[in-house]
Structure formats: structure tokens, C-alpha cells
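Q: would you be able to build a 3D model of this:
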Amino acid sequence: MKTKLDKEEVASRQLDTAIELMFGGGDIVSVHTLTSASSTIFSDLLHAKGEKAWRDEIVECFPGNERQVSRVLREAQNFFKHAERDPDAVLEFDEVTNDETIIVATLEYGQLLQLNKNDRKKLTTPMSVFQMWYFTKSPELLMMSPEKMGKYFVDQAQKLFPDLKKYPRFHQLDLGANAIKERRAKKKRG
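A: The predicted model follows:
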């Protein structure tokens, strides 16, 4: 059976899979590869609409060092995809890097959805849960732009993940996985 997929759908599915893998304790390389692929597609779609992607904004925060910053942001992504120039290379990879890559991808998808207002699509359950999980874990980042997220978002995130920061990472991830399951079950019930 053939399935018709557009680029947005492909990237959204890759990102959802990456989030569920991460929360489920899955392979960190696969999480990063799926997330990077989705973020690249979202970024390309934003550029096609004449918009800057979140990654562009990050790079622009370092004037004069744009190439170096861009290289650092793509280091793991390129390492996991290519070996022609460095077949014997080794990468030291911190799994928390996936948190940062995923949040950028979810924000880029949200930006795309805002541009396509007539589409009526929303962030997927894994993406919205991840955003609440991430900003509860790192509330100082949310406070940088509370007007973008809104009080309702902040309240919901804190309700969903009270005291998240006090737990070890494996428990934080488990709470994220459980939140996705609970939200999906609630949607099914109606």
C-alpha cells in the first residue's frame, strides 16, 4: 500500500518518533538523527516561506562566529550521517544535546503551524508534552519569552510535571513517557 506524504508530515512523524524514543530510554543516536532530519525539513519549509528558522536565530546570536556556531550545531548530526572524511573519528556525545535539538524542532514546527493558520493543525501530543517537560525542566529559558508561551502553557506544564527538576534524568524521561500515554488515553475517552 502506498502512502502519500508531504514534507511536513514526514518531519512531524520523525520528530514524534524521536520524542517517544527519548522518553522511552531509546537509542540516543537514533533520537538525534530523527530529530535533526525533522528540524532540517522544518527549517527548509520555513525558508521556503521567507521565514527564519529557530536555528538561524541561534546562529545570529554569535555575530562573527556564524560558521563555527553552525558547525557546532550540526556536529553530531553530520557525524551520525557521514564517514567519507573521517572514517576513524570518535564523537563524545551528551544525550542532553537531544533535549536542545528536540526543543528547536518543536518550536520550528510551531512556527510553521502559525504561518499556516487556516490549516487548523496543532502540535502533536508528543511535541506538546515535550515542550511542557522541557520548559519545566529548564524554566529559566521559558522566562526569556513568556509572552510566546503564555500563562496557560506555564500553568499546564507545572501541573503536568510538578517538581520535575528534583528527579534524576531517567525518572524525568519516564514522567514524559507517562504524560504522553495519559494524554493519548484522555483523547480517546473523548
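
Q: all helices for this structure, in order.
A: Taking DSSP state H as the test, the helices found in the chain are 7-23, 28-48, 54-60, 66-81, 97-115, 125-137, 139-142, 146-160, 169-189.

Q: take the ones you listed and lay them out in JSON lines including distance to Asp88 and mean pLDDT.
A: Placement of C-beta: from N, CA and C, glycine included. Shown next, in JSON lines, are these (distance: least, C-beta to C-beta, whole Å; pLDDT from 0 to 100):
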{"stretch": "helix 7-23", "distance to Asp88": "28", "mean pLDDT": "97"}
{"stretch": "helix 28-48", "distance to Asp88": "18", "mean pLDDT": "96"}
{"stretch": "helix 54-60", "distance to Asp88": "29", "mean pLDDT": "82"}
{"stretch": "helix 66-81", "distance to Asp88": "12", "mean pLDDT": "80"}
{"stretch": "helix 97-115", "distance to Asp88": "22", "mean pLDDT": "93"}
{"stretch": "helix 125-137", "distance to Asp88": "35", "mean pLDDT": "93"}
{"stretch": "helix 139-142", "distance to Asp88": "37", "mean pLDDT": "64"}
{"stretch": "helix 146-160", "distance to Asp88": "44", "mean pLDDT": "71"}
{"stretch": "helix 169-189", "distance to Asp88": "31", "mean pLDDT": "93"}
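
Q: so which of the ones you listed is the most surrounded?
A: Per residue and on average, the most neighbours among these fall to helix 125-137, with a mean of 23 (mean count of other C-beta atoms under 10 Å).

Q: CA atoms only for it, dumped as PDB, please.
A: Presented in PDB, the C-alpha positions along helix 125-137 are these (Å, rounded to 0.1, in the frame of the first residue of the first chain):
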ATOM      1  CA  THR A 125       0.800  15.100  21.700                       C
ATOM      2  CA  PRO A 126       4.400  14.100  21.900                       C
ATOM      3  CA  MET A 127       5.600  17.600  20.800                       C
ATOM      4  CA  SER A 128       3.300  19.500  23.200                       C
ATOM      5  CA  VAL A 129       4.200  17.200  26.100                       C
ATOM      6  CA  PHE A 130       7.900  17.600  25.300                       C
ATOM      7  CA  GLN A 131       7.700  21.400  25.300                       C
ATOM      8  CA  MET A 132       6.000  21.300  28.700                       C
ATOM      9  CA  TRP A 133       8.600  18.800  30.000                       C
ATOM     10  CA  TYR A 134      11.500  20.800  28.600                       C
ATOM     11  CA  PHE A 135      10.400  24.200  30.000                       C
ATOM     12  CA  THR A 136       9.500  22.700  33.400                       C
ATOM     13  CA  LYS A 137      13.000  21.200  33.500                       C
END
